[in-house]
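Engineer: Got a predicted structure plus its sequence, pasted below:
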Amino acid sequence: MESASKNFHKAVIGATKLKLKSEYRHAKSALRPSFPYGKPTLPGAIEPEKKKNKLGVDYNTDWARKPAMKFARRVVLESLARPVIHLIASPTILGDEIFQSLKGPFIFTANHASHLDTGLLLTCLPENIRGKCVAAAAADYFFDTPMKAFFAASVLNAVPMERLKVNRKSALMAADLIDKGWNLIIFPEGGRTPDGWGQPFKGGAAYLAIRTGAPIIPVHIHGTRQLLGKGARRLVTGTTRVTFGKPITPTEKDDARKLAERVQDAVACLADEAATTFWEAKKRNANKTTPSLEGHLDKGWRKSFASYSLPSPSRPSRPSWPPK
Amino acid sequence: MSSRPGFVMEVDRSTPPTLFWHGEGWKLEKLPSGSRIIYPKEPMEALRDPDRAIQDALDNPLGESEPLDALLKPGMKLTIAFDDISLPLPPMQKPDIRQRVIEAVLTRAANAGVDDVVLIAALALHRRMTEAELRHALGNRVYDSFAPHGLLKQHDAEDPDGLTYLGTTDKGEEVEISKRACESDLIVYVNINLVAMDGGHKSVATGLASYKSLRHHHNVATMRASKSFMDQHHSELHSANWRMGRYIKQQGIKIFQIETTLNTNTFPSQFRFLQKREWEWDIRDRATFIASSKVMSKTPPRINRSVFHSILSPHAMSSVQAGEVEAVHERTTEHVYAQQLVPVSGQSDILTLGLPYISPYNVNSVLNPILVACLGLGYFFNLYRNKPLVRKGGVLIMSHPTTWEFNPVHHPSYIDFFDQVLSETTDPEVIQSKYEESFAKDPWYIHLYRTGNAYHGVHPFYMWYWCAHALEHLGKVIIVGGDPKAVSRLGFSPATTLMDALEMAKDVVGSNPSLTHFHVPPLAIADVS
């Protein structure tokens, strides 16, 4: 009896809602200019067409690379973002002399620990390169709302990249931009580290390098997790180190998986260099004993805890990393 | 991307006004709540490579037929017949399908060493095409190769030396067709199927026939027994043509039929709103509608007409098949149905139609009152399968200016038919028995048909016979916005507005009638259950 009464109430509420919806549509249409001078009203029998999703990987960022936007971004980057980021992160830049003898476009692949990484890397690049950089940003994170998408595209010159599934569209768009001479910043781990240790590199950057022939520049960024790590609510100041490695040019024999492994090894070597010295890192690399970015400990708190024993760039003399 | 199917929509308070064609123009009409509107299916995807599809069809014929190459031999007589100006509607943008197909056939004939080739426009009793119209349909390459040598002919249904009497069918129907076609080793017929009525045996048995032959199926009894023309299996018109076609085949005349279908992409992008659903009109569509309506209301009808008749349709080929006539036509009909059928549940008391500026018989001409009647009652009323959209005794309301205006070059006998015959009676049977023969055999009309660009003297009768089934079925016909004198001459009722017409209809169908509006063109066939 009670359920019958509930069903009745539900039916009444449903019918009232439909009626109100129809009345609302009608009242709304009465206020605007009549068709064809105004927009046509939608017949009640027609389901409103769902608006095409223009967010996520479908977000069009072409407008952010128009000359006016390029100019505006350059002004913001040089006069505001760069001084602020350098004030917060005080980066030490190593290996940037390679750009004196190389011509782009490049694919910058870096480890990823913080939202500061893109801005920091961008501001550590030579002026002629940073003015022509796009950053691959997670389509599901940076392009899921119009505001975020606008910010990412306008300020960071970000392009949406699908990271949850294989998507040809985002890869083709990135390849097209590289072909047009844009440098690409990409974080092959697919997201910020949750525990301080690296994550396996995905093959997207390697695929783009093979497809476009652009050299990959391995980059190691150290210290940003302490400033604004994943889950951090407050930004703190500190010191960071950005190390550029030698370019890796894809060969005809490379496949995306193997090239991604080579890039990961190169970034691990740079991480080792950041913790020790260039020479020690090179020797370990030659002996194939470079510590893995992903660490060797079990999962859980011990892995996370151990990552904090990494030397701070401001104290490079304490070589307690890699863990023994 | 697949096209959205046609559908039936019920009108409610938030339904925007509906587009009605009104001759060389259009208007928006608010239909009463509860009315139904039948929207056609969107244009199907066209063939990506029509030329390749034509070659494939010629190489892989349907039914009991060899590929075209095997039928072409040196020293043979080849006749290529093709549909005339009445198809497609509006005329299509270049290259016309006929040009594509005929060039492909001629290339193969040349490779096979065939020298004796004649092209014939299958006019039946239609007017002769002008040079410009022939050039448009066939292309300059074909026209310039054949016309200067007299090898591009237009069928003459009154040429005593150009016809061959073959005999009679088992129902006593006389079969008389083009002599050249009969004497040929092979007839290649190039068809365009705009609606399910076209093609099949009708191509040769009607297109290349004489008046003596045509009168056996173009008559009141046949038209009344055809329910409808869009359903071959319930159309006496088709049955008669099939009997004649089979008889022609029995006489050893070999036909290689090539049929093509078109999608319903009828209007160019400037007029794209004409084939969009009203609630989907964007600002450009609305601006075009308003601007064109305003301009047309200020300019003389003559100018509007010339603008409308300059519209070339972006129709695209959706299929092509070749081979034995019946096998080919069966496949063709499937393609036409796939594009045009819209399922509709039940009939209604009133059917409303907006009639456009064009019908098969007034390309580059005036849609005179007789053609208005034929377009509405003969063609649009018959765009159904199973049963008509309007119940027996129901009312048909059509929107068209229906001016008392005729093209004396194209339609001379129409003028006399309208003045002399319709002023006496509108009963098709009386008209047929009392007046047909005198018009059909009038030497002046025959002269104009054979030497000018006039429709045959009997043609207006046939137009009236096309209406016979609808006239018998309907309780009343009302024309909205038409010239009252011309509308009354047709035996219909004139109304100033749609609301007036609906009030008038209530006298026939009661005070609370059901109403269906058929939103054509683009064309659709209502599959009424």
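Structural biologist: Nice, I can see it.

Engineer: Tell me how far stretch B:393-411 lies from the chain's centre.
Structural biologist: 16 Å (C-alpha atoms, centre = their mean, to the nearest Å).

Engineer: Just the endpoints, please. Distance across it?
Structural biologist: 32 Å (C-alpha to C-alpha, to the nearest Å).

Engineer: Okay, buried residues for that stretch please.
Structural biologist: For stretch B:393-411, the neighbour count (16 or more other C-beta atoms under 10 Å in any protein chain shown) marks B:394-403, B:406-407, B:410-411 as buried. No exception for glycine: its C-beta is placed from N, CA and C like everyone else's.

Engineer: do stretch B:46-53 as well
Structural biologist: B:46-47, B:50, B:53.

Engineer: quick check, nearest of these to chain A?
Structural biologist: For those, the closest approach to chain A (C-beta to the nearest C-beta) belongs to residue B:46, at 24.2 Å.

Engineer: count of residues packed around residue 294?
Structural biologist: In the absence of a named chain, this looks at chain A. Number of residues near residue A:294 (other C-beta atoms under 10 Å in any protein chain shown) recorded here: 16.

Engineer: oops, I was thinking of chain B
Structural biologist: 10.

Engineer: Check residue B:286 too.
Structural biologist: Other residues within reach of residue B:286, judged by other C-beta under 10 Å, total 18.

Engineer: now could you export just the CA positions of stretch B:292-309 as CSV?
Structural biologist: Taking only C-alpha atoms (Å, rounded to 0.1, in the frame of the first residue of the first chain), the coordinates of stretch B:292-309 have been written out as CSV:
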residue,chain,number,x,y,z
SER,B,292,15.0,36.1,-49.7
SER,B,293,11.4,36.4,-48.7
LYS,B,294,11.6,40.2,-48.5
VAL,B,295,13.4,40.4,-51.9
MET,B,296,11.0,38.1,-53.6
SER,B,297,8.0,40.0,-52.3
LYS,B,298,9.4,43.1,-54.1
THR,B,299,10.6,41.7,-57.3
PRO,B,300,8.3,40.7,-60.3
PRO,B,301,7.3,37.0,-60.4
ARG,B,302,9.1,36.7,-63.8
ILE,B,303,12.4,37.6,-62.2
ASN,B,304,11.8,35.3,-59.2
ARG,B,305,11.0,32.5,-61.7
SER,B,306,14.2,32.9,-63.6
VAL,B,307,16.1,32.9,-60.4
PHE,B,308,14.5,29.7,-59.2
HIS,B,309,14.9,28.0,-62.5
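
Engineer: quick one: average pLDDT of it?
Structural biologist: Along stretch B:292-309, the predicted local confidence has a mean pLDDT of 93.

Engineer: Going by neighbour count, which residues in it are buried?
Structural biologist: B:292, B:296, B:304-305, B:308-309.

Engineer: what's the most distant pair in these?
Structural biologist: Checking the buried residues of stretch B:292-309 against each other with C-beta to C-beta, the farthest-apart pair comes out as B:292 and B:309, at 15.3 Å.

Engineer: any chance you could map the helices in the stretch 301-450 of chain B?
Structural biologist: Listed in chain order, the helices found in the stretch 301-450 of chain B under DSSP state H, counting those that start in this stretch are B:301-309, B:325-340, B:369-373, B:412-416, B:428-440, B:443-451.

Engineer: In contact with the residue most central in space within chain B, which residues?
Structural biologist: Computing the C-alpha centroid of chain B and ranking residues by C-alpha atoms, centre = their mean puts residue B:360 first, at 4.6 Å. Applying C-beta atoms under 8 Å, 6 or more residues apart in numbering or on different chains, we find residue B:360 in contact with B:86-87, B:89, B:379.

Engineer: Quick check: it vs residue B:351, distance?
Structural biologist: Per C-beta to C-beta, to the nearest Å, residue B:360 is found 21 Å from residue B:351.

Engineer: again with residue B:133
Structural biologist: Residue B:133 sits at a distance of 33 Å from residue B:351 (criterion: C-beta to C-beta).

Engineer: Relative to chain A, which of the contacts of residue B:360 is nearest.
Structural biologist: Minimum separation from chain A among these (C-beta to the nearest C-beta) is found for residue B:89, which lies at 26.0 Å.

Engineer: and the closest one, what pLDDT?
Structural biologist: The predicted local confidence for residue B:89 is 93.

Engineer: so what's it up against?
Structural biologist: Applying C-beta under 8 Å, 6+ apart, we find residue B:89 in contact with B:194, B:313, B:358-360, B:363.

Engineer: what's the answer for residue B:152, then?
Structural biologist: With contacts defined as C-beta under 8 Å, 6+ apart, the neighbours of residue B:152 are B:118-119, B:121, B:134, B:138, B:142-143, B:146.

Engineer: Return the set of residues that bridge with it.
Structural biologist: Partner residues in beta bridges with residue B:152, using DSSP bridges, are residue B:119.

Engineer: what about it, distance to residue A:80?
Structural biologist: When C-beta to C-beta is the yardstick, residue B:152 and residue A:80 sit 77 Å from each other.

Engineer: Ok, residue B:475 next?
Structural biologist: Taking C-beta to C-beta as the measure, residue B:475 and residue A:80 are separated by 80 Å.

Engineer: And these two? Which one has more around it.
Structural biologist: Residue environment comparison for residue B:475 versus residue A:80 gives the larger neighbour count to residue B:475, 17 against 11, counting by other C-beta under 10 Å.

Engineer: ok, the residue nearest to residue B:362 when sequence neighbours are not counted - contacts?
Structural biologist: Ranked by C-beta to C-beta, 6 or more residues apart in numbering or on different chains and with sequence neighbours excluded, the top spatial neighbour of residue B:362 is residue B:371, at 5.5 Å. Taking C-beta under 8 Å, 6+ apart as the contact definition, residue B:371 lies against B:359, B:361-362, B:411, B:414, B:463.

Engineer: Nearest to chain A, out of those: which one, please.
Structural biologist: If you rank the contacts of residue B:371 by distance to chain A using C-beta to the nearest C-beta, residue B:359 comes first, at 27.1 Å.

Engineer: which residues sit in contact with that closest one?
Structural biologist: For residue B:359, the residues meeting the contact criterion (C-beta under 8 Å, 6+ apart) are B:89, B:367, B:371, B:374-375, B:379.

Engineer: nearest spatial neighbour of it, skipping sequence neighbours?
Structural biologist: residue B:375 (4.3 Å).

Engineer: isn't that neighbour right up against residue B:355?
Structural biologist: Yes: under the criterion of C-beta atoms under 8 Å, residue B:375 makes contact with residue B:355 at 5.5 Å.

Engineer: where does the chain have low pLDDT?
Structural biologist: By default, I'm working from chain A. A:1-3, A:18, A:22, A:25-31, A:51-53, A:164-166, A:295-324 (pLDDT under 70).

Engineer: was after chain B, sorry
Structural biologist: Along chain B, the model assigns pLDDT under 70 to residues B:1.

Engineer: where's the residue lying closest to residue B:245 once chain neighbours are set aside relative to chain A, distance?
Structural biologist: Leaving aside its chain neighbours, residue B:245 sits nearest to residue B:201 (2.5 Å; criterion: C-beta to C-beta, 6+ apart). Residue B:201 is 42 Å from chain A, where distance means C-beta to the nearest C-beta, to the nearest Å.

Engineer: ok, residue B:201 - how many residues close by?
Structural biologist: Residue B:201 has 25 neighbouring residues, counting by other C-beta under 10 Å.

Engineer: ok so, going back, and residue B:133 and residue B:351? Which one has more around it.
Structural biologist: residue B:351 (28 against 18).
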